[in-house]
Every structure is written in C-alpha cells, then in structure tokens.
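Chemist: Quick check, what structure comes out for this input:
(one chain, ligands or ions: 1)
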Amino acid sequence: MIANTAAQPQAKKRLFIGLLAGSLLTVGGVAGLLWYLLSQPTTVLQQILLVVLIGFILIAMVAVAFGIGGIVLTIWLAKTISPLQPLMRTAMSVLFPMAIGLGKIFKIDTNNIKRSFIEVNNQLVRTRELKVKPWQLLVLAPHCLQKSSCPHKITSNISNCKRCGDCPVDQLLAIRDKMGVNVGLATGGTLARKYVKEYRPKAIVAIACERDLASGIQDSTPIPVLGVLNERPFGPCFNTQISVYRLEEAIRYFI
Ligand code: SF4
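Modeler: Predicted coordinates:
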C-alpha cells in the first residue's frame, strides 16, 4: 500500500551548498598549488601554457562561483533568477562528484548529501513556478514498487497490472487515471531514458532512492524534475513504498 503520510527523511540544503563551496575552494587550492609549482618556468612555451591553464581554471571558477551564488540567492529569495540558471546547473553537475568526495573525507553519509542535493534541486524547481498540461508530465517510478511475488510483467506496459491493490502500482495507476499524467515504471536508467524519449515530457516527477534520484535529476537536465524519495521498510530495492500525499503534491505543483 502507499503510505498516506507526508513524512520524508529531511536533509539540510546547506549541507550540499556548503560542500559545493568547499569543492570550489579545493579547486582554487589546487590551482594555487599548480601556480606555485610551475611558477619558475624556464621556457616561453611553459610560460604560455601556465598562463592559459591558470586563466582557464580562473574563468571556470568564477562561472561556478556565480552558479553557487545563484543557488543561494534563489533559495533565499524563493524566486528564480533565469540568467543564472545555466551556471547553477553547471555548478551542481560539475561539482557534484567533488562534493560527494569531500563528504567522504569528512565522513558525511553519502545518502545524506544526496538527500540534500535533492532538496536543493526541488527548491530550485519550485521557484520556477512552471505549469504544464497533465499529458506533458511524466511520473517515473521504480520497478521495486511492484510486489516481489506478483507474476504480471508490468515494466514493458504498466497497464498489465491487474489492480489487485497488493502494492503501490495500483495507486500509481489510480493517480494516472485521476490526473491524466503519464506513468512509466523503470528498472533502471536505460528504461527511464526510453520513457523520456517516448513521452517527451516538459516536466518529470521521479520516485526513487537517493542514488537513483540524484543521478536521474542530473541525467534529465534541462527538463525540470521534482524528486520524491521512496520508502524502504523491507530494505533497498524490495517491495518499496511511496507516500501518495507527497506524490500528489509534486504532481499538483506542475499541473
Ligand atoms: S497491484 Fe498490480 S503490480 Fe501490484 S501486486 Fe497487484 S497486480 Fe501486481
């Protein structure tokens, strides 16, 4: 059954933003170290290479710093800053692996960082106040919502579900019929990308665990994605659940 609660593991947005800023400082530190190590070039070619390299790193750092500034301002003002959107997306995707690496060094739980990333992403998407037609919205759900003992093959066609009510797929279909949105059940990134290609959505509501949501949000750029974490009372990837309240709330935001 789908839980009817709004409860969701919360993560502070400032965790991910702080790690982004930390990553940027690390890049700055590496650039400074490079400068120091190569500051005694012996040939003209070395001098040119050094200037080009440091110039490139500095330009990239300024762009990413504007992106991080844009994220902070957007969340603070609760208002989208359109000209900074590309830089914000670049900062999030370029520094994401570094933020995860930095978190590991400081022994911060990776799922916590990904939850924080999802929170930041959702907040940025919400500030855009984007509205689409129901048929332009795709709800992407993970295959692990299906009851493990169910014999029906629903990944190729979710309508093969017999609506017995033993797992959340029944409720997903009820939401699809009630709200007129598209629903795709994916076993992984390849099938999720196939649904995106097939439905060409203008917005996506994705249900998944921290790992799949974090990568799915980045893969789908520039399509806005609202992420809804699934619930895993029996452990990962097995008979998972979702909150119908949070799912409907995310869908209603777009339509
Ligand atoms: S609701 Fe559908 S997918 Fe879930 S157990 Fe019943 S028939 Fe299978």
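Chemist: C-alpha only now, for contacts and for neighbours.
Modeler: Fine.
Chemist: For Leu58, grab the count of nearby residues.
Modeler: 15 (other C-alpha atoms under 10 Å).
Chemist: now Pro83
Modeler: 9.
Chemist: Now do it against the ligand, distance only.
Modeler: 44 Å (C-alpha to the nearest ligand atom, to the nearest Å).
Chemist: Numbering from 415 from now on, please.
Modeler: Got it, the first residue is 415 from now on, which makes the last one we talked about Pro497.
Chemist: Double-check that that residue belongs to a strand.
Modeler: No - counting by DSSP: H, G, I helix; E, B strand; the rest coil, Pro497 is not found in a strand; it is helix.
Chemist: Quick one: residues contacting the closest residue to Pro548 other than its chain neighbours.
Modeler: In space, and not counting its chain neighbours, Pro548 is closest to Val595: 4.7 Å by C-alpha to C-alpha, 6 or more residues apart in numbering. By C-alpha atoms under 8 Å, 6 or more residues apart in numbering, the contact list for Val595 reads 548-553, 589.
Chemist: what residues does this protein put near the ligand?
Modeler: 560-561, 564, 566, 575-581, 583-584 (C-alpha under 6 Å from any ligand atom).
Chemist: Tell me which entries of these lie within helices.
Modeler: Counting by DSSP state H, the residues of the chain next to the ligand place 583-584 in helices.
Chemist: Let me have the residues of the chain next to the ligand in CSV, adding distance to Pro636 as columns.
Modeler: Formatted as CSV, those follow (distance: C-alpha to C-alpha, whole Å):
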residue, distance to Pro636
Gln560, 29
Lys561, 33
Cys564, 36
His566, 34
Cys575, 32
Lys576, 35
Arg577, 34
Cys578, 37
Gly579, 35
Asp580, 36
Cys581, 32
Val583, 28
Asp584, 30
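Chemist: Now list the buried members of the residues of the chain next to the ligand.
Modeler: 560-561, 575, 581, 583-584 (16 or more other C-alpha atoms under 10 Å).
Chemist: separation between Cys558 and the ligand?
Modeler: For Cys558, the distance to the ligand - C-alpha to the nearest ligand atom - is 10 Å.
Chemist: thought that residue was touching Asn653?
Modeler: Yes - if you go by C-alpha atoms under 8 Å, Cys558 and Asn653 touch, sitting 5.7 Å apart.
Chemist: For the chain, which residues score under the pLDDT cut-off?
Modeler: In the predicted model of the chain, residues 415-425, 455-456 satisfy pLDDT under 70.
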